[in-house]
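Chemist: Pasting the sequence and the predicted coordinates here, then a few questions.
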Amino acid sequence: MTLLPVAGHTEASQLLIQLVHEESKEHGHNPFRRKSRSNLAEPAVLAMVQQIPGVGKVKALALLQQFPSIHQLSNATTEELEVVVGRTIAQQIRTFFIQT
């Protein structure tokens, strides 16, 4: 890490802006921008997935990372689900969607 001397707040803020612009060009992202809200952050979707027997918050978040929509989750095979939550919970999820 390199320390650069600056004369004041204005110069420091200009330097930061310049560094962010350079970083954005190189990596295609701005480290100071908030990430857009995804379906994972939607409380209603998360709450829906948590209604599946055996699925709590941690497993619901893992499932939503792999299957971003309820539609994709409901159409996932037991084998696809098993990779994320294990065989027993995968079978419970499939049963849940078949019965409802």
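Modeler: Right, received. Where do you want to start?
Chemist: pLDDT weak spots in the chain?
Modeler: 1-4, 6, 19-41, 100 (pLDDT under 70).
Chemist: Helices of that one, start to end?
Modeler: Under the criterion DSSP state H, the chain contains helices at 9-27, 43-50, 57-66, 70-75, 78-85, 87-99.
Chemist: Redo those helices as a markdown table? Include mean neighbour count.
Modeler: Using the backbone N, CA and C atoms, a C-beta is placed for each residue, glycine as well. As requested, those are exported to a markdown table (neighbours: other Cβ atoms under 10 Å):
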| stretch | mean neighbour count |
| --- | --- |
| helix 9-27 | 11 |
| helix 43-50 | 14 |
| helix 57-66 | 16 |
| helix 70-75 | 14 |
| helix 78-85 | 15 |
| helix 87-99 | 15 |
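Chemist: Got phi/psi on S69?
Modeler: phi -130, psi 160 (degrees, to the nearest 10).
Chemist: That one - how many residues pack around it?
Modeler: 11 (other Cβ atoms under 10 Å).
Chemist: And it, how close does it get to E42?
Modeler: According to Cβ to Cβ, to the nearest Å, S69 and E42 sit 11 Å apart.
Chemist: same check, this time on T78
Modeler: For T78 relative to E42 (Cβ to Cβ), the value is 26 Å.
Chemist: same check, this time on L64
Modeler: In terms of Cβ to Cβ, L64 sits 9 Å off from E42.
Chemist: Next: F96.
Modeler: Counting by Cβ to Cβ - F96 and E42 are separated by 20 Å.
Chemist: before we move on, what about I17?
Modeler: I17 is 32 Å from E42, by Cβ to Cβ.
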